[in-house]
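Peer 1: Here is the input, now give the coordinates:
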Amino acid sequence: MIIGNSPVVRCGFRAVIENEPTGKGLAILGEAGLGPGALDVVRHLRPDVVLLDLPPLYGGSLGVCRQLRQLMPETCILVLSSSADHQWVFEAILAGAHGYLSQEIDPPSLIAAIRDGYAGRPVISGSAAAGALRIIREQQTARPKEASRVSLLSPQELKVLTAVAAGHTNKEIAGLMGLSINTVKNYIAHMFEKLGVERRCQAIALYLGSHPTPRSRTFDSHRMPTESKAGAIHPGSP
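Peer 2: Predicted coordinates:
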């Protein structure tokens with residue numbers, strides 16, 4: 001399935017998948033624009049792979065990724081973007097994307113990325129790979145020294161951080177904990193100050209350093225579709 005606000009971009013990716021010789025065995029289930037309606041379509045169609053076109057300046061773009069991950073944790077989410085911001089790429093991965101692809105990717109590489117993502121292999125294209133890996137290494141190196149800061153949090157702040165690490169928005173955390181959104185924001189501000197961080201992804205990295213609970217997808221090597229649903233992205237044998 002292809003999700004993105006630009007019909008032209010969606011049409012372009014559809015044409016690539018349908019016309020690229022190496023794309024044999026793939027089928028597109030449907031398309032949707034960014035927004036709440038996309039989640040309804042995903043829930044109904046249950047695609048194996050979602051190509052998510054995310055403009056970096058689009059408000060709440062990473063929130064869409066988080067919502068997709070929560071709704072369909074077994075679906076592979078591949079983010080497509082023109083952004084060269086390595087930190088943004090890293091945050092997209094933290095938000096639940098299984099891979100990041102540059103919009104300049106060539107057709108054969110796009111098809112290969114879809115198959116790799118479906119098989120559970122990490123997919124990061126172009127110069128974004130080196131940059132994102134550098135940031136991840138920095139986070140991992142910092143964890144042994146800084147993870148102890150998590151112990152400075154109050155029980156309530158730790159609950160908020162746990163919810164943040166699970167990908168919940170401030171509004172969702174407020175609902176889960178029976179708090180106002182402003183109270184949640186205050187908890188997060190105090191939490192950031194104690195942890196010495198400025199971004200949610202940095203706080204999550206510290207949390208994972210002291211509470212190692214990596215999320216992983218389970219892949220069945222024998223789970224290959226025997227017949228394609230009309231329009232679904234169902235990777236098959238090349």
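Peer 1: rest of the way, CA atoms for contacts and neighbours
Peer 2: OK.
Peer 1: Just to check, V160 is in contact with I188?
Peer 2: Yes: counting by C-alpha atoms under 8 Å, V160 touches I188, with 7.3 Å between them.
Peer 1: between these two, who's got more neighbours?
Peer 2: V160 (24 against 20; other C-alpha atoms under 10 Å).
Peer 1: give the contact list for that one.
Peer 2: I173, V184, Y187, I188 (C-alpha atoms under 8 Å, 6 or more residues apart in numbering).
Peer 1: and if you look at K185?
Peer 2: With C-alpha under 8 Å, 6+ apart, K185 has these contacts: N170.
Peer 1: any idea how far it lies from P21?
Peer 2: 50 Å (C-alpha to C-alpha, to the nearest Å).
Peer 1: isn't I2 right up against R10?
Peer 2: Yes: using C-alpha under 8 Å, I2 is in contact with R10, at 6.4 Å.
Peer 1: and those two? which has more neighbours close in?
Peer 2: Using other C-alpha under 10 Å as the criterion, I2 and R10 rank with I2 on top: 25 against 21.
Peer 1: Need the phi and psi values for the more buried one.
Peer 2: With angles defined as degrees, to the nearest 10, I2 sits at phi -120, psi 130.
Peer 1: Pairing-wise in the sheet, spell out the partners of it.
Peer 2: Residues in a beta bridge with I2, per DSSP bridges, are E31, L51.
Peer 1: Please read off the pLDDT at K229 from the model.
Peer 2: K229 is assigned 34 on the pLDDT scale.
Peer 1: and if you look at the one 4 residues further on?
Peer 2: In this model, I233 is scored at 51, pLDDT.
Peer 1: need the contact list for L176.
Peer 2: No contacts exist for L176 under C-alpha under 8 Å, 6+ apart.
Peer 1: Can you tell me the element it falls in?
Peer 2: helix 170-177 (DSSP states H and E).
Peer 1: after that helix comes which helix or strand?
Peer 2: helix 181-195.
Peer 1: E157 touches F192, doesn't it?
Peer 2: No: checked against C-alpha under 8 Å, the pair E157 and F192 is beyond contact range at 10.0 Å.
Peer 1: where along this protein do the strands fall?
Peer 2: For the chain, the strands defined by DSSP state E occupy 2-3, 31-32, 49-53, 76-81, 99-102, 123-124.
Peer 1: Could you chop the chain up by domain?
Peer 2: The chain breaks down by automatic domain parsing into domains covering 2-120, 138-210.
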